[in-house]
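In: When you get a sec, could you give me coordinates for this:
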Amino acid sequence: MSSKISDLIKKNNIKTLSIIGLAKNTGKTVTLNKVIEDFFLMHKKVAVMSYGRDGEKYDLLTKLKKPPVKIHPNTYFVTAEKTVNDIKLKFKFIKDTNIQSTMGRVKIYKSLSEGEVQLVGINRSSQLKKIKEILIDQIDYLIIDGALDRKSSALPILSDAVILTTGAVIGQDINKVVLKTKYEVKKLLTGSLKDEKDLLVLKDNYNKENSLIWTKDNNIFSSKPLLSNLFLKNNMEILKGNRVNIKYILLRGSFTNTTANILINLGLEKITVLVSDSTKIFLDQMVYNRLKKRNIKLKVLFKINLIAITINPFNPYGKDFIASDFYKKIKEEFDIEVFNVKS
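Out: Next up, the predicted model:
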């Protein structure tokens, strides 16, 4: 067991880390700051960026005060140019990424002193990938701050590992919060196919930007990018005509309750549906269970490496949890490491 998240990252030879939260106020920024601080004390070169927005003084939706993103000397940070007008730390400009945002061009900077920054301007995984390619050879660690309901900063092609944050803000009852966390972790840990040969074919089609229906007699019906629901609706005749003969369905978009219900209402059974990775799965537990009863399996092309969970017992909207109780209950449910970064 590691005493610090930074020790866990080092032990597993992780270079790119994503931190994602199950909801706002689950302690994502606190976790981010702790990792940045630990690596600074270890004299490591760190770069940090956000998929969405982090570091603003007040949440734009809830109006609650937010913890700032704290960085240290020689930390690279990526943000839109308008945000640096108000920061008090010393920094220098490193590179223009040529990414446009509502707050100006997104640029790479390097801090020369300790202070607080706002991270904003990136809202596509392709932009994250571009910046990673620019920075990765200049640093020891790249940390990506994920955004609410936009977990694709955790894409395996971008991150070597993921940390998930959960907290009392999710619900008033500690046992219900634990169950909710357990279900979300179960989705994140969705596995891939055991058949490597079939998996290679599916990945090849995905890389060619195809969605597809693959029958048990090896007929493949494919088409170029369409949202999951539209792809299924456009191929309704194929689905109806092969109800008991479908082996795989590969979808490029998200897998939602609506997507699941289309398959269930068609009477499909004993099929495997694949999405790129588990951050694309947005299913309520009730619908998830309905799929399971129909023997409709969910699999991913690329598995996520979830290495830790951090907890936040503080609830800005209601009753706090007793930190030791919350830690113990979460720890009992998972084989992966659990941290209360405030303790």
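In: Strands along the stretch 101-250 of the chain, start to end?
Out: With strands called from DSSP state E, counting those that start in this stretch, the stretch 101-250 of the chain shows them at 104-111, 115-117, 119-122, 141-145, 161-167, 211-215, 220-223, 246-250.
In: For Ile322, find the nearest of the ones you listed.
Out: Closest approach to Ile322 among the strands of the stretch 101-250 of the chain (C-beta to C-beta): strand 161-167, 13.3 Å. Just so you know, the C-beta spots here come from the backbone N, C-alpha and C atoms, and that holds for glycine as well.
In: Dump the strands of the stretch 101-250 of the chain into TSV; add mean neighbour count and mean pLDDT as well.
Out: Output for the strands of the stretch 101-250 of the chain, formatted as TSV (neighbours: other C-beta atoms under 10 Å; pLDDT from 0 to 100):
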stretch	mean neighbour count	mean pLDDT
strand 104-111	19	96
strand 115-117	20	93
strand 119-122	25	91
strand 141-145	25	95
strand 161-167	26	95
strand 211-215	21	95
strand 220-223	15	92
strand 246-250	23	96
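In: Tabulate these in TSV, adding columns for distance to Glu337.
Out: TSV is the format used below for those (distance: least, C-beta to C-beta, whole Å):
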stretch	distance to Glu337
strand 104-111	29
strand 115-117	28
strand 119-122	26
strand 141-145	17
strand 161-167	9
strand 211-215	37
strand 220-223	41
strand 246-250	33
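In: do you know which of those strands lies nearest Lys11?
Out: Across those, Lys11 has its closest neighbour in strand 161-167 (11.0 Å, C-beta to C-beta).
In: what lines up beside the closest one in the sheet?
Out: strand 16-21 (parallel), strand 306-312 (parallel) (DSSP bridges).
In: closest to Leu232 out of the ones you listed?
Out: Ranking the strands paired with strand 161-167 by proximity to Leu232 (C-beta to C-beta) places strand 16-21 first, at 27.4 Å.
In: Give me the contacts around that closest one.
Out: Applying C-beta atoms under 8 Å, 6 or more residues apart in numbering, the set of residues contacting strand 16-21 from outside is 9, 27-28, 31-32, 35, 132, 136, 141-146, 148, 151, 153-154, 158-166, 279.
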